[in-house]
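1. I'd like to go over a predicted model; first the sequence, then the structure.
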Amino acid sequence: MNNTNYLSIAISASFIRYALFDESGSLKVKKQVPTPTDSVENFLKQIYEIVTDHLKSIYGIGLSVPGQVDPKDGVIYQGGSLPMLHGLSLGKILATRYELPVSMESTGFCVTLASQWNGNLKGVTNGATIALDDGVSSGLVLNHQIFSGSHLQAGGIGMIIANPTVENHQPEDIMFNACSASKMINTIGSALELSDPNDDIKVFKAIENGDANAREMFNAYCRNVAYMIVNTQAVLDLNKYVISGRISNQSILVPEINHQIQIIRETIPVLKEMLEMPVIETSIFKQDTDLFGAFYNALDHLDFMQPTDNKAE
């Protein structure tokens, strides 16, 4: 029995992605299943199935979850794109059920930890990570330290208002929704009348092949991301922004974000004069950044949540 692997689980509203890492940090197995969103009970059943299938080969579990996580009590707050997780002590539940050490952190923290530990922000003084998935998960590195703020909310740049000219704001008027990669893909896929409007491959193929409507919507999406970065840069003066998440493996994404930032800077000259243009890069871990972050966090907190009851059969 080889129980020296770590099970890393990254949760979003669309998918539960999981991977096995060995002690050296090599990703050995990676899979995903749709996230049950009808009830917490069915959600937990799916998580239990994943853990049980790998129980004989793992030493510990690392979780990346949407929303906010208080590391002192191990509870998910708000739940981000999965509000039904609010108040769930997922890490403690798994530690008790399986008698394994379990660490749990927010997606924003995990992608930032991965980037700082062994990714694009390694050695960077001030930087940010932006994971573009069902919503926006993000984090900050300030003076070489991950900064969480007074209420575990620092770095949540998805809460920036996307359209400040609107009087009666809607949920779509914050960057969390305006920069949702999943919503962008679905919107374009629906406009293209795809049998599956959530097909990333076909959507980006249409964009790259020059479909005018698809390209216009993609550019508008990247413009929202650009505004989010420009507004953050005005406050924090960071060196680098690292893009990860569902669509980060698309080669046209970061170049278009950079292009849209340049347009904004040219349109508003004072921004070009007063604000340094930061470096914007695709995470070296791309879509797997949160999985690597959950693994690194598990390595760093092996005994974070100790079991208290009998092991599940």
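-> Done, it's in.
2. Could you report the separation of the spatially closest residue to residue 70 that is not a sequence neighbour from residue 126?
-> Computed as C-beta to C-beta, 6 or more residues apart in numbering, the closest residue to residue 70 that is not its neighbour in sequence is residue 152, at 6.3 Å. (C-beta placed from N, C-alpha, C; glycine too.) If you measure residue 152 against residue 126 using C-beta to C-beta, to the nearest Å, the figure is 20 Å.
3. now swap in residue 73 and tell me
-> Counting by C-beta to C-beta, the gap between residue 73 and residue 126 amounts to 30 Å.
4. Is residue 208 in contact with residue 252, as I believe?
-> Yes - contact between residue 208 and residue 252 holds when scored by C-beta atoms under 8 Å: they sit 6.4 Å apart.
5. the helices in the stretch 101-250 of the chain, which residues?
-> Remark: helices of the stretch 101-250 of the chain, listed N- to C-terminal, are 107-118, 175-178, 181-191, 200-208, 212-236; assignment by DSSP state H, counting those that start in this stretch.
6. the domain parsing of this structure - what is it?
-> The chain breaks down into these structural domains: 5-107+290-300, 120-283 (assignment by automatic domain parsing).
7. Highest mean neighbour count across those domains, which stretch is it?
-> When you average the neighbours per residue for each of these (mean count of other C-beta atoms under 10 Å), domain 5-107+290-300 leads with a mean of 20.
8. quick one: that domain to chain centroid distance?
-> Centre-to-centre, domain 5-107+290-300 and its host chain are 13 Å apart (C-alpha atoms, centre = their mean, to the nearest Å).
9. what about it, start to end distance?
-> This stretch, domain 5-107+290-300, spans 15 Å end to end (C-alpha to C-alpha, to the nearest Å).
10. repeat for stretch 264-282
-> The separation between the terminal residues of stretch 264-282, taken as C-alpha to C-alpha, is 21 Å.
11. next one: stretch 72-81
-> End-to-end span of stretch 72-81 (C-alpha to C-alpha): 22 Å.
12. What lies in contact with that stretch?
-> By C-beta atoms under 8 Å, 6 or more residues apart in numbering, the surrounding residues in contact with stretch 72-81 are 12-13, 65-70, 85-92, 104, 106-107, 133-135, 137, 152, 304-305.
13. So which elements touch the helix or strand hosting residue 6?
-> Element membership of residue 6 [criterion: DSSP states H and E] is strand 5-11. Applying 3 or more C-beta pairs under 8 Å, 6 or more residues apart in numbering; DSSP states H and E, we find strand 5-11 packed against strand 15-21, helix 40-54, strand 58-65, helix 107-118, helix 289-300.
14. Of those, which is nearest residue 190?
-> strand 15-21 (19.7 Å; C-beta to C-beta).
15. What is the helix or strand just after that closest one packed up against?
-> Scanning the chain past strand 15-21 towards its C-terminal end, the next helix or strand to appear is strand 27-34 (assignment: DSSP H and E). Contacts defined by 3+ C-beta pairs under 8 Å, 6+ apart place strand 27-34 against strand 15-21, helix 289-300.
16. Confidence-wise, which helix or strand of this protein is lowest on average?
-> Sorting the helices and strands of the chain by mean pLDDT, DSSP states H and E puts strand 68-70 at the bottom, at a mean of 86.
17. neighbouring contacts of that one?
-> Counting by C-beta under 8 Å, 6+ apart, 75-78, 80, 104-106, 109, 152-153 sit against strand 68-70.
18. I'd like to know which of those is nearest to residue 168.
-> Proximity of the contacts of strand 68-70 to residue 168 was ranked by C-beta to C-beta; the top entry is residue 78 with 23.0 Å.
19. How about that closest one, nearest residue that isn't a chain neighbour?
-> Of all residues not flanking residue 78 in the chain, residue 67 sits nearest, at 4.4 Å (C-beta to C-beta, 6+ apart).
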